[in-house]
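A.B. asks: Build me a structure from this.
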Amino acid sequence: MRIKEVISLRFIADFHIHSKYSRATSKDMNLEGISKWAKIKGVALLGTGDFTHPLWFEELKEKLKEENYGIYSYNSTNFILTSEVSLVYSQNKKLRRIHLIIFSPTLEIASKINKTLSKFCDLSVDGRPTIGKSILEILPLLWEISEDVHIIPAHAWTPWFSLFGSNSGFDSIEEAFDRYSSKIFALETGLSSDPPMNWRLSSLDKICLISNSDAHSPGKIGREANVFNCDMNYREIFNAIKTQDKNKFLFTIEFFPEEGKYHYDGHRNCNVSLHPKESQRLENLCPVCKKPLTIGVLHRVEALADREEGFIPQNKIPYVNLVPLEEIIAQAMDKDVSSPYVQREYMRFIENLGDELSILLYRDISEIAKVSEKVAIGIRLMREGKISIKPGYDGVYGKIEIFGNEDKRQISFF
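C.D. replies: This next block holds a predicted model:
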């Protein structure tokens with residue numbers, strides 16, 4: 001996508017995040033922290049995440065103000081009611097573990113969802129509850145509550161907990177959802193896959209691909225997201241998704257999938273990372289410990305694909321790949337991304353140029369260079385796709401190399 005096409009965007013939405021009530025999640029994932037960072041990132045509509053957790057739900061009921069059908073607000077940030085659930089069960093003598101995002105149009109309907117799910121587990125244990133029931137048992141109960149409850153498979157390709165996961169997933173939507181397959185109209189690509197990887201499966205042509213951050217800390221909000229040009233209304237948004245209307249659903253914002261932590265095959269403990277072709281040569285066994293490798297997303301896509309790499313279906317929602325601004329700053333300054341210096345520089349960019357996604361997507365390079373010429377070069381290289389990536393594997397994030405030696409030496413290009 002050409003950058004000039006992005007300038008007319010209406011709003012950015014990140015539907016899948018978590019609250020402080022989910023395991024391994026920052027204590028700053030409260031409404032104050034989430035709304036503050038949504039503005040810094042440039043995300044206008046956020047999923048609440050975790051509405052199934054009793055304490056979080058009480059806070060949502062107390063603090064959110066209804067603005068439109070299915071849209072609530074807090075501190076000038078808009079929210080849509082979402083929660084992720086983990087279903088763990090046996091089907092056809094195989095353990096299945098799949099994560100689903102539940103969307104609710106109202107707090108009243110969300111309350112009924114919680115009452116239904118509480119029959120099968122203790123919702124207070126985790127913001128993302130684990131339920132020992134199958135898709136075919138749970139979903140009809142939710143749709144009995146309201147036809148406006150929507151279900152989208154989360155991070156569809158991660159090995160352990162997903163629709164197509166190599167270790168506990170399914171080979172098709174039909175295998176997973178059976179008679180309810182027609183009600184599944186979208187899936188979340190996850191950090192380790194992007195649209196071109198999913199386009200290799202003709203069975204997904206009718207499925208709309210969405211992207212979300214799955215943020216566990218405020219700084220991760222918006223690392224993947226969706227850009228809409230429609231009324232911020234629950235039904236309007238889902239109509240744009242269902243119809244894959246490119247005039248209303250403009251594009252998705254994606255990680256470079258190699259940066260995701262389950263792209264290649266490998267073994268973290270053995271420091272082994274392998275392309276699927278090399279894994280197949282080794283019969284999917286780790287060359288160090290000889291145990292089965294954790295099979296990554298690329299391998300799984302290869303196994304299920306019926307199209308060659310590079311195939312582009314007609315009338316699919318476009319996408320752009322981005323590198324987080326903090327990572328570009330860190331590499332430009334030869335600093336660790338978590339260093340106080342990088343954090344100060346990051347906020348200096350926000351104060352001078354506006355929110356992060358605006359900077360990454362469409363700010364003129366000449367404007368960015370007034371703040372830092374090195375970072376301007378990095379953003380230009382990212383936009384042009386002129387980067388190198390060491391793919392992630394077995395829970396280890398991939399590493400992006402933006403600047404080559406020549407780019408670091410030749411700072412001025414205006």
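A.B. asks: Quick check: can you list the domain ranges of this protein?
C.D. replies: The chain breaks down by automatic domain parsing into domains covering 3-259, 324-409.
A.B. asks: How about Lys322, nearest residue that isn't a chain neighbour?
C.D. replies: Actually, residue 322 is Leu rather than Lys. Of all residues not flanking Leu322 in the chain, Leu360 sits nearest, at 5.1 Å (C-beta to C-beta, 6 or more residues apart in numbering). Quick note: C-beta positions are derived from backbone N, CA and C, even for glycine.
A.B. asks: One more: Phe255?
C.D. replies: Leu191 (4.9 Å).
A.B. asks: May I ask you to confirm that the residue nearest to Leu322 belongs to a helix?
C.D. replies: Yes - per DSSP: H, G, I helix; E, B strand; the rest coil, Leu360 lies within a helix segment.
A.B. asks: That one: neighbouring residues, count only.
C.D. replies: 23 (other C-beta atoms under 10 Å).
A.B. asks: my read: it touches Gly378, true?
C.D. replies: No - at 10.2 Å, Leu360 does not count as touching Gly378 under the criterion of C-beta atoms under 8 Å.
A.B. asks: so what pLDDT did the nearest residue to Arg179 once chain neighbours are set aside get?
C.D. replies: Using C-beta to C-beta, 6+ apart and skipping the chain neighbours, the partner closest in space to Arg179 is Leu136 (7.7 Å). Each residue has a pLDDT score; the one for Leu136 is 98.
A.B. asks: just Ile7 next, same as before
C.D. replies: The per-residue pLDDT reported for Ile7 equals 39.
A.B. asks: cool, Ser192 as well?
C.D. replies: With respect to pLDDT, Ser192 has a value of 87.
A.B. asks: That one and Ala332, how far apart?
C.D. replies: According to C-beta to C-beta, to the nearest Å, Ser192 and Ala332 sit 26 Å apart.
A.B. asks: cool, Thr77 as well?
C.D. replies: Going from Thr77 to Ala332 by C-beta to C-beta gives 30 Å.
A.B. asks: Would you mind telling me which of these two has more residues around it?
C.D. replies: Shown here are Thr77 and Ala332; by other C-beta under 10 Å, Ala332 has more neighbours (23 against 18).
A.B. asks: got a list of what the more buried one touches?
C.D. replies: Listed by C-beta atoms under 8 Å, 6 or more residues apart in numbering, the contact set of Ala332 reads Ser372, Lys374, Val375, Ile377, Gly378, Ile402, Phe403.
A.B. asks: same deal with Ser193?
C.D. replies: Ala156, Trp157, Pro257, Gly260, Val297, Val301.
A.B. asks: Just give the number of residues close to Ala24.
C.D. replies: 8.
A.B. asks: I'd guessed it sits against Asp214; true?
C.D. replies: No - the criterion here is C-beta under 8 Å, and Ala24 misses it with Asp214 at 11.5 Å.
A.B. asks: what residues are shared contacts of these two?
C.D. replies: Joint contacts of Ala24 and Asp214 (C-beta under 8 Å, 6+ apart) do not exist.
A.B. asks: Kindly list the longest helix within this structure.
C.D. replies: helix 340-353 (DSSP state H).
A.B. asks: Please enumerate residues in contact with that helix?
C.D. replies: Outside helix 340-353, the residues within contact range by C-beta under 8 Å, 6+ apart are 40, 325-326, 329-330, 333, 335-336, 356, 359, 363, 367-368, 370-372, 375.
A.B. asks: can you pull the buried residues of that helix?
C.D. replies: Val342, Gln343, Glu345, Tyr346, Phe349, Ile350, Leu353 (16 or more other C-beta atoms under 10 Å).
A.B. asks: give me phi/psi at His267?
C.D. replies: When read as degrees, to the nearest 10, the backbone of His267 gives phi -140, psi 110.
A.B. asks: Report the contact partners of the residue nearest to it when sequence neighbours are not counted.
C.D. replies: The shortest distance from His267 to any non-neighbouring residue, by C-beta to C-beta, 6+ apart, is to Cys286 (4.5 Å). Contacts were defined as C-beta under 8 Å, 6+ apart; by that measure Cys286 touches His267, Cys270, Val272, Pro292, Leu293.
A.B. asks: quick one, what contacts the residue lying closest to the third one once chain neighbours are set aside?
C.D. replies: Closest residue to Val272 apart from its sequence neighbours, by C-beta to C-beta, 6+ apart: Gly266 at 5.1 Å. For Gly266, the residues meeting the contact criterion (C-beta under 8 Å, 6+ apart) are Val272, Ser273, Leu274, Leu293, Thr294, Gly296, Tyr393, Asp394, Val396.
A.B. asks: now, which of the residues you listed lie within helices?
C.D. replies: Among the contacts of Gly266, none falls in helices (DSSP H).
A.B. asks: Can you select the buried ones from those in PyMOL?
C.D. replies: Applying 16+ other C-beta under 10 Å to those, the buried members can be selected in PyMOL as follows:
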select buried, resi 272+273+274+293+294+296+393+394+396
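A.B. asks: which one of the contacts of Gly266 sits closest to Ser168?
C.D. replies: Comparing the contacts of Gly266 against Ser168 with C-beta to C-beta places Thr294 closest, at 12.2 Å.
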